[in-house]
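S.K.: model this:
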Amino acid sequence: QVQLVESGGGLVQPGGSLRLSCAASASIFRILHMGWYRQAPGKQRELVAAITAGGSTNYADSVKGRFTISRDNVKNTMYLQMNSLKPEDTAVYYCNAAGSASKPGNYWGQGTQVTVSS
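M.R.: Next up is the predicted model:
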C-alpha cells in the first residue's frame, strides 16, 4: 500500500511560481513510476508530468518549458516546480504512483488546489 500526501498548492498571480510536493509512505518509492495529474472544473483529469524510477521525464505539451518534475528517493518525495503560471493552469493537482507512461497507477493523493488569478 502506498499513501501519498500533496502540499504546496495555493493562490498565485499569473506569471508566478509554485512548487508542489508529494510525500510517499512506501520505502519502495524509489522503484515507482510517479506522476502529476490535474483536473479543472468540468474537464477530465489529465497528465501533467511523469517521472520514471530512473529519472526519465515526460510532460504535457501545455506545460513544457514551464514545469519541472523531479524526485528525491532519499526523502520519498516527488516535486513539481511550476513557473510562468497561467490562469488555465488552475486545477486540483493530484499525485499518482505505480502507473506507466500510458496510464496512471492505482494510488492517488488527496489533491491540492492551484489557482492562478489576478
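
S.K.: buried ones in stretch 66-78?
M.R.: 67, 69, 71, 76-78 (16 or more other CB atoms under 10 Å). (C-beta placed from N, C-alpha, C; glycine too.)

S.K.: then stretch 10-27?
M.R.: Under the neighbour-count criterion of 16+ other CB under 10 Å, stretch 10-27 has 12, 18, 20-24, 26 buried.

S.K.: residue 87 - nearest residue in space that isn't next to it in sequence?
M.R.: Nearest residue to residue 87 in three dimensions, chain neighbours excluded: residue 116, at 5.0 Å (CB to CB, 6 or more residues apart in numbering).

S.K.: hang on, the earlier thing: and the buried residues of stretch 10-27 as TSV, adding secondary structure, pLDDT and distance to residue 56?
M.R.: As requested, the buried residues of stretch 10-27 are exported to TSV (DSSP: H, G, I helix; E, B strand; the rest coil; pLDDT from 0 to 100; distance: CB to CB, whole Å):
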residue	secondary structure	pLDDT	distance to residue 56
12	strand	98	28
18	strand	98	24
20	strand	98	20
21	strand	98	20
22	strand	97	18
23	strand	96	22
24	strand	94	18
26	coil	81	20
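
S.K.: which among the residues you listed gets closest to residue 43?
M.R.: Nearest to residue 43 among these: residue 20, at 18.7 Å, using CB to CB.

S.K.: wait, doesn't the closest one sit right on residue 112?
M.R.: Yes: with contact defined as CB atoms under 8 Å, residue 20 counts as touching residue 112 (6.3 Å).

S.K.: show me whatever sits in contact with both of the two.
M.R.: 6-9, 93 (CB atoms under 8 Å, 6 or more residues apart in numbering).

S.K.: return a ChimeraX selection command for the buried portion of these.
M.R.: Those of the shared contacts of residue 20 and residue 112 that meet the burial criterion (16+ other CB under 10 Å) are gathered into one ChimeraX selection, given here:
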select :6,8,9,93
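
S.K.: need the max-distance pair from the shared contacts of residue 20 and residue 112.
M.R.: In the shared contacts of residue 20 and residue 112, the most distant members under the criterion CB to CB are 7 and 93, with 10.6 Å between them.
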